[in-house]
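Visitor: predicted model and sequence follow; I will ask about them next.
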Amino acid sequence: MQYRSAAPSACVVNDPRSSTTSGSRAPISPRLEYLVRAARVTDIDRVVNMSDDAVRMNRADSPLGAADLMRQLVYLPQASIVVAETQRVVVGGAILALRPSVRAGGYVGTIDFLVVHPEHDADRITEALLEELIRSASNKGCTVVEAERPDDDEVYARWQRMGFGEAGPHIQRIVTAAGSARRTQ
């Protein structure tokens, strides 16, 4: 079975690092475009390097390192790895893993990993990555998308703005599977 990912999506955001307030002109703020697309094997090292040490597994814990495992996930239909890039540089990445669930009435998508480069707009990139993962989950028949609840209240608020809420030890968002009669989009 060959997996074909959705077309890349883009969001345009202001880059606050380049605003100027000198002179009588209004502030000039060039717009950066962040493209969200399916990850390629060549993107994985950049994504792992952006992440903290939590994703870097000890070789004694696993025969595969995080980068090796991610490279394998690129080819599996039960996973979606997406990256955000600007000017051909990867500045964020996320992983969605699927599992069947009778209790959920379909597949459950678990956002296992999400990282954004600290020098870029975390709010907009996180939103763009989550939108793409939710779209992918819906297209693959998921009824629920879940993730571990972030410890940081600011990060958690960002996820809440995307529709995630408390669900036991996880946060989750209900999605409607593509082709479902209840789907409103």
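Guide: Sure thing, it's come through.

Visitor: could you pull out the helices for the chain?
Guide: Assigned by DSSP state H, the chain shows helices spanning 44-50, 66-73, 122-139, 153-161.

Visitor: pull the CA atoms of stretch 165-181 into CSV?
Guide: Only the C-alpha atoms of stretch 165-181 are listed here, as CSV (Å, rounded to 0.1, in the frame of the first residue of the first chain):
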residue,chain,number,x,y,z
GLY,A,165,-9.1,19.5,26.6
GLU,A,166,-8.6,17.4,29.7
ALA,A,167,-9.3,13.7,29.3
GLY,A,168,-7.8,11.8,32.2
PRO,A,169,-4.0,11.8,32.1
HIS,A,170,-4.1,13.0,28.5
ILE,A,171,-5.6,15.9,26.6
GLN,A,172,-7.6,15.1,23.5
ARG,A,173,-9.6,16.5,20.7
ILE,A,174,-12.5,14.7,19.1
VAL,A,175,-12.3,14.7,15.2
THR,A,176,-14.7,13.4,12.6
ALA,A,177,-13.4,10.8,10.2
ALA,A,178,-13.3,11.7,6.5
GLY,A,179,-16.3,10.5,4.7
SER,A,180,-18.4,10.4,7.8
ALA,A,181,-22.0,11.8,7.5
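
Visitor: just the residues contacting it, thanks.
Guide: Residues from elsewhere that reach stretch 165-181 (C-beta atoms under 8 Å, 6 or more residues apart in numbering): 106, 109, 134, 137-150, 156, 159, 162-164, 182-185. The C-beta positions use only the backbone N, C-alpha and C, and glycine is treated the same way.

Visitor: in TSV, list the helices of the chain along with mean pLDDT and distance to residue 172.
Guide: Shown next, in TSV, are the helices of the chain (pLDDT from 0 to 100; distance: least, C-beta to C-beta, whole Å):
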stretch	mean pLDDT	distance to residue 172
helix 44-50	92	24
helix 66-73	89	21
helix 122-139	94	11
helix 153-161	91	10
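
Visitor: ranking those helices by burial, who's on top?
Guide: Stretch with highest mean neighbour count among the helices of the chain: helix 122-139 (a mean of 21; mean count of other C-beta atoms under 10 Å).

Visitor: please read off the pLDDT at residue 104 from the model.
Guide: Per-residue confidence (pLDDT) for residue 104: 87.

Visitor: any figure for the gap between it and residue 111?
Guide: Noted for residue 104: a distance of 15 Å to residue 111, by C-beta to C-beta, to the nearest Å.

Visitor: do residue 121 as well
Guide: Residue 121 sits 19 Å away from residue 111, going by C-beta to C-beta.
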